[in-house]
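*Asks:* need coordinates for the following:
(chains A, B, C and D)
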There are 4 protein chains.
Amino acid sequence: MTIKIGVIGTGAIGADHTRRITQTLVGAEVIALTDVNADSAHKVKSDLGLNAEVYADGHELIANSGVDAVLVTCWGPAHEEFVVAAIKAGKYVFCEKPLATTAAGCRNIVEAEMAAGKKLVQVGFMRPYDSGYKLLKEAIDAGEIGAPLMIHAAHRNPTVPEQYITPMAIHDTLIHELDVFRWLLDDDYVSAQVVFPRKSKHAHDQVADPQIVMLETKKGIRIDVEIFVNCQYGYDIQCSVVGEEGIANLPEPQALTLRKNAQLGQSILTDWKDRFIAAYDVELQDFIDGVATQNLTGPNSWSGLAAAVSADACVKAQESGLIEPIEMPETPEFYR
Amino acid sequence: MTIKIGVIGTGAIGADHTRRITQTLVGAEVIALTDVNADSAHKVKSDLGLNAEVYADGHELIANSGVDAVLVTCWGPAHEEFVVAAIKAGKYVFCEKPLATTAAGCRNIVEAEMAAGKKLVQVGFMRPYDSGYKLLKEAIDAGEIGAPLMIHAAHRNPTVPEQYITPMAIHDTLIHELDVFRWLLDDDYVSAQVVFPRKSKHAHDQVADPQIVMLETKKGIRIDVEIFVNCQYGYDIQCSVVGEEGIANLPEPQALTLRKNAQLGQSILTDWKDRFIAAYDVELQDFIDGVATQNLTGPNSWSGLAAAVSADACVKAQESGLIEPIEMPETPEFYR
Amino acid sequence: MTIKIGVIGTGAIGADHTRRITQTLVGAEVIALTDVNADSAHKVKSDLGLNAEVYADGHELIANSGVDAVLVTCWGPAHEEFVVAAIKAGKYVFCEKPLATTAAGCRNIVEAEMAAGKKLVQVGFMRPYDSGYKLLKEAIDAGEIGAPLMIHAAHRNPTVPEQYITPMAIHDTLIHELDVFRWLLDDDYVSAQVVFPRKSKHAHDQVADPQIVMLETKKGIRIDVEIFVNCQYGYDIQCSVVGEEGIANLPEPQALTLRKNAQLGQSILTDWKDRFIAAYDVELQDFIDGVATQNLTGPNSWSGLAAAVSADACVKAQESGLIEPIEMPETPEFYR
Amino acid sequence: MTIKIGVIGTGAIGADHTRRITQTLVGAEVIALTDVNADSAHKVKSDLGLNAEVYADGHELIANSGVDAVLVTCWGPAHEEFVVAAIKAGKYVFCEKPLATTAAGCRNIVEAEMAAGKKLVQVGFMRPYDSGYKLLKEAIDAGEIGAPLMIHAAHRNPTVPEQYITPMAIHDTLIHELDVFRWLLDDDYVSAQVVFPRKSKHAHDQVADPQIVMLETKKGIRIDVEIFVNCQYGYDIQCSVVGEEGIANLPEPQALTLRKNAQLGQSILTDWKDRFIAAYDVELQDFIDGVATQNLTGPNSWSGLAAAVSADACVKAQESGLIEPIEMPETPEFYR
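*Replies:* Below is the predicted model of the structure:
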């Protein structure tokens, strides 16, 4: 059985996922496309030689009875509308992050999904599909380092453009850590604090850079994340989990060790797109397989809500300089 | 277009490739199967729910006009017969190593293929499809270490069974290095020497273990390969290429770095099947894509012949203790 | 010229320093000893075959005109008294940490020294003499990583005895980081905060373990130090300095890389005494050389005061859960 | 007791050892100096402020009854003469490598020493005093990797001057490996073979570079050493010992790990003088301590002879292209 997929939003990520489904993944086919810019949808269709129909809008696409599952890859403010619509139509949805641009929007989606009585939504957090994070999760779950007590992490970019401002360090950068640590630790956050070290001379006026975010979880685990988006030297994701009996580190990306020019070393990536490139394939294949077996297991609406609630508290902590509570309700039975 | 594939030999590797084509790869479908044990072919068909026909033998399978390409995964002594038959039928063939059990057999295949006037054969050497070797090849080709002068390599297994005897160190173990170094260096071998260090107490009576094979290439590059098949500690493939300006090392397989029990370290694989597991998918996908575009680019019949000729010289060197010449004819224009 | 040294306190560290001066270092000789337990002083004298006199107390020893320099290695509460006495006698003093058990006591020493008009005191902080920290300092000072913005550090012990209680994490453990970071960064602290992660099951009742101490400096550098004194796996000192253009890490202690038992790794030390063992020699030789040239350059009384003031604030932060100010006066010209 | 030392030859290494004894080491004093260039001896005396007499030649110096031990640091061709003279005078000798410029010369020294009935000679091979090689030796002796079967090694220099010609790869470069492997393995060589890989374009006309030397020991251990003296990238000493149960590698020299400019790496030394700088101190202190206790334990005359005999065979193997026997007599009881 081939899963028939409709894509809402054929910009960069929508086009890329369409290509992925068409050329790399198995078990699915894009048969419907739409975009606020219809030309974009037509171009993707012709570039990939798809046997697909281009719709006037997302609602028409969702209404097409041939569509088994929907990819919501339009701009963020429209996510909530189409995800809810797809849920109401009883269709599976893969929604790129953010699930919605506000926690309230995420809550609406969660409620719609619970009303539908079935988990239909996967959110596009790809890190749980990265082979390195998987090894880390397996080691923790196998008890190799004992109960986790702390995480020391870093999220570094070489540079960011002028429009990147202080709160984006949370919404666009930390958001990945906020999701992946919940998954790694099987835990929820209870508070956030943000401190601002001496600012790098390479940072623009409108961004405090670096920042350190400190999170506490229900189990009492303490997490510190350095966010440094003008670190110059590379795109570098670090994660070290300290447990009662040992410490496990996220592996460095595969690289040659070279001896050259009086240096023994390996390359560090500089483009974020290369870091999790393999994870995108795994993530979307998992969605397709989950639709086929009617059992989604990836990041779900509740993960999307948790990320939104946590991010809001972190931004508040940026502004207040205080330890801000993160008030997540207990995970409903439905999402466990 | 979906490539229609027939599989000759449904033992472990044949069944695994059939599963791979059916569940993981894109663009191909297994529609024909055969095995000397017909029950085996029927079992693979039903286990994977294939819409395929089971044939009485490989020749019948090849003769089926619906079959676009053939996988030869039966036992080694039958490879030559079916590869030649497929070539004569004008069909693409993916043949598991060895291409043939003798250099003469490989020569017959090469001649048949040249007579057919078209490259139709890919041999199942998977290392060129390993992400680590690819990085190594890219670094060499980009001139990052200057002209290669030496390779220091090792091929180590934790243990081997009783039936593994001295010449198998060449035919079953070194064979991968013999192929992959030709590809890495774009070069041919001119001589081989084998020395036998002090024997490990863990080695059985019928095997000299470890061994060191020293190869010289046309360009004058010197290669030493340690073969140590009872090294106890793990399955470990090492390759260090020394160039005029630097040295590049094959990366270690991805692993967590752990601090635990007074050790800072990472796991070494112990099962050879895990080491190149991702490369099998890439290799066979490349074959499928090559058939689709009518342009195979992987290890070819000439590679298979070179491996056979080189391996024969190495076995002779094991026996003689001398530096044995490796006489490979110039690569015909057809295979360049 | 041989420096004539008197040792006040011949317990473990006093005896060890006496051995060091006698057998390993050059340019000095222990000619006077005293201890509250006179037998101990006599035993050290005879064990090392010293040509030395045993005095009834520290004041008599200091008064001996043949003594050029004094080692204060008695118990902490007596440090202030003998350091001040030595200063007043115009003699050089090497005082084991802490310089005094209170900030007020350190202040008294600083005042006595300034009154004497000459820097006479070296405090026994040995990390600036460790070859790894020296490399780190050189890299920072050479601008290799740009201006430092953050330090991520850890101080881990496998286990601690029952008598080790929460404030000792500051006074006995963090005290080394408090000194070494001031030196590394050429900076002073302005605030401290302590958070308590989930407690390890291996920690005794009277100690919160692990702890994370967060420090801010005058330059705005943010430092986080994980203190984990029951980490089980080893004695492990980590220090990563994040600068505007790069990151430098304290090297791991020298160790063999082994491939064994399916592990690629190296040993981690388990006994803290092994970690900085070479630094003790360098430190005391530097003191001897400084006395000989009348120019001490190691950690001085002001360093001792700064450590005491900072430690007091950290203990207050442990108790309050708040961000506590660290009020260090400007470094007097005398100590620059 | 202070050992009174006479130094024959006050060129670079003689002056450096004199400084070492005077300023860094304990238990010895240089009281006598001589050099074919008397001015050189006077200059060293005055530069270091020595209370020493300058002699007309080495024989006068040896004859001085106040001299307990002699350092032979003049040019190689004169080593034999002065070492034998010192032995005959019953004095301890530290002789820089080579012990003598011919195997016959070494044999004369060995015979003189055996006739004297007492081990009086230490040869200046410093690698056994390097902390890394010591760890390797300890691991082997403790059985951590099981019985050694192979060594893979490399000795690389960035560049060499024009006067460095092919046999110097043995006499000046490999000589250190020839000594240190005998010590590491507690074994003797039985044969040598040399092969010449493709020559580096950076090598001068008169030197074959790189070279690979293959040695076999009495126990059957096989050693391959890459000698590459124009490797460009650094001064790099590699040694990997493969045993029946595991592999141990010589540690890299201590260095910071830096993340900078898209590279994760550490510096490689480029000046050979920095690589074993600490070992020179340890080596000469060991000689002084050995003289004091009348028990030399470092590399002895027999080691010097073994290095000379092995080097001669390696040079012969360079010329012949054959596997050349290395004929070392059984180690006499005297030297065990």
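*Asks:* rest of the way, CA atoms for contacts and neighbours
*Replies:* Fine.
*Asks:* please enumerate the helices of chain A.
*Replies:* A:12-23, A:38-47, A:58-63, A:79-88, A:103-116, A:131-141, A:168, A:175-185, A:272-275, A:277-292, A:301-320 (DSSP state H).
*Asks:* between those, which one is closest to chain C.
*Replies:* helix A:175-185 (13.0 Å; C-alpha to the nearest C-alpha).
*Asks:* and the residue of the stretch 1-150 of chain A that's closest to chain B?
*Replies:* Counting by C-alpha to the nearest C-alpha, the stretch 1-150 of chain A gets nearest chain B through A:Val26, at 6.1 Å.
*Asks:* give me the distance between the residue lying closest to that residue once chain neighbours are set aside and B:Gly49.
*Replies:* Spatial nearest neighbour of A:Val26, chain neighbours left out: B:Val26 (6.1 Å); criterion: C-alpha to C-alpha, 6 or more residues apart in numbering or on different chains. Distance from B:Val26 to B:Gly49, counting by C-alpha to C-alpha, to the nearest Å: 17 Å.
*Asks:* centroid-nearest residue for chain A?
*Replies:* A:Phe125 (2.4 Å; C-alpha atoms, centre = their mean).
*Asks:* now that one: how far from A:Trp75?
*Replies:* Noted for A:Phe125: a distance of 16 Å to A:Trp75, by C-alpha to C-alpha.
*Asks:* and A:Ala255, how many neighbours?
*Replies:* 20 (other C-alpha atoms under 10 Å in any protein chain shown).
*Asks:* so it makes contact with A:Gln266?
*Replies:* Yes. In this structure, A:Ala255 is within contact of A:Gln266 by C-alpha atoms under 8 Å, at 6.0 Å.
*Asks:* can you list the residues of the stretch 151-300 of chain A near chain C?
*Replies:* A:196-202, A:216, A:219-222, A:231-233, A:244-246 (C-alpha under 8 Å from any C-alpha of the partner chain).
*Asks:* at 6 Å instead, please
*Replies:* Residues of the stretch 151-300 of chain A found near chain C (C-alpha under 6 Å from any C-alpha of the partner chain) are A:197-198, A:200, A:220-222, A:232, A:244-245.
*Asks:* greatest separation within those: which pair is it?
*Replies:* Pairwise distances across these (C-alpha to C-alpha) peak at 36.1 Å, for the pair A:Ser200 and A:Glu245.
*Asks:* give me the number of residues near whichever residue of the stretch 51-200 of chain A sits closest to chain C?
*Replies:* As assessed by C-alpha to the nearest C-alpha, chain C sits closest to A:Arg198 within the stretch 51-200 of chain A, at 4.5 Å. Using other C-alpha under 10 Å, A:Arg198 has 22 neighbouring residues.
*Asks:* check contacts around it.
*Replies:* C:149, C:220-221 (C-alpha atoms under 6 Å, 6 or more residues apart in numbering or on different chains).
*Asks:* of these - the most surrounded one?
*Replies:* That'd be C:Leu149 among the contacts of A:Arg198, by other C-alpha under 10 Å, with 25 neighbours.
*Asks:* any idea how far that residue is from C:Ile3?
*Replies:* 42 Å.
*Asks:* okay, now A:Thr166: neighbour count?
*Replies:* Counted by other C-alpha under 10 Å, the residues lying close to A:Thr166 total 18.
*Asks:* for A:Thr2, same thing?
*Replies:* Counted with other C-alpha under 10 Å, the neighbours of A:Thr2 add up to 12.
*Asks:* pretty sure it sits against A:Ala28.
*Replies:* Yes. Using C-alpha atoms under 6 Å, A:Thr2 is in contact with A:Ala28, at 4.9 Å.
*Asks:* from the contacts of A:Arg198, which single one is nearest chain A?
*Replies:* Nearest to chain A among the contacts of A:Arg198: C:Gly220, at 4.5 Å, using C-alpha to the nearest C-alpha.
*Asks:* now do the nearest residue to A:Leu120 once chain neighbours are set aside, the pLDDT please.
*Replies:* Nearest residue to A:Leu120 in three dimensions, chain neighbours excluded: A:Tyr92, at 4.6 Å (C-alpha to C-alpha, 6+ apart). For A:Tyr92, the pLDDT comes out at 98.
*Asks:* ok, now A:Met1?
*Replies:* For A:Met1, pLDDT reads 75.
*Asks:* from chain C, how far off is the closest residue to it other than its chain neighbours?
*Replies:* Distance criterion C-alpha to C-alpha, 6+ apart; nearest residue to A:Met1, sequence neighbours excluded, is A:Gly27 at 6.9 Å. Distance, A:Gly27 to chain C, by C-alpha to the nearest C-alpha, to the nearest Å: 38 Å.
*Asks:* repeat for A:Ile31
*Replies:* Counting by C-alpha to the nearest C-alpha - A:Ile31 and chain C are separated by 48 Å.
*Asks:* send me stretch A:279-293 as CSV with only the CA atoms.
*Replies:* The C-alpha trace of stretch A:279-293 is given here as CSV (Å, rounded to 0.1, in the frame of the first residue of the first chain):
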residue,chain,number,x,y,z
ALA,A,279,17.7,12.5,10.3
TYR,A,280,15.2,14.2,8.0
ASP,A,281,15.0,11.0,5.9
VAL,A,282,14.6,8.8,8.9
GLU,A,283,12.0,11.1,10.5
LEU,A,284,9.8,11.3,7.4
GLN,A,285,10.1,7.6,6.7
ASP,A,286,9.0,7.0,10.3
PHE,A,287,5.9,9.1,9.6
ILE,A,288,5.1,7.2,6.5
ASP,A,289,5.6,3.9,8.3
GLY,A,290,3.5,5.1,11.2
VAL,A,291,0.6,6.1,8.8
ALA,A,292,0.9,2.7,7.1
THR,A,293,0.6,0.9,10.4
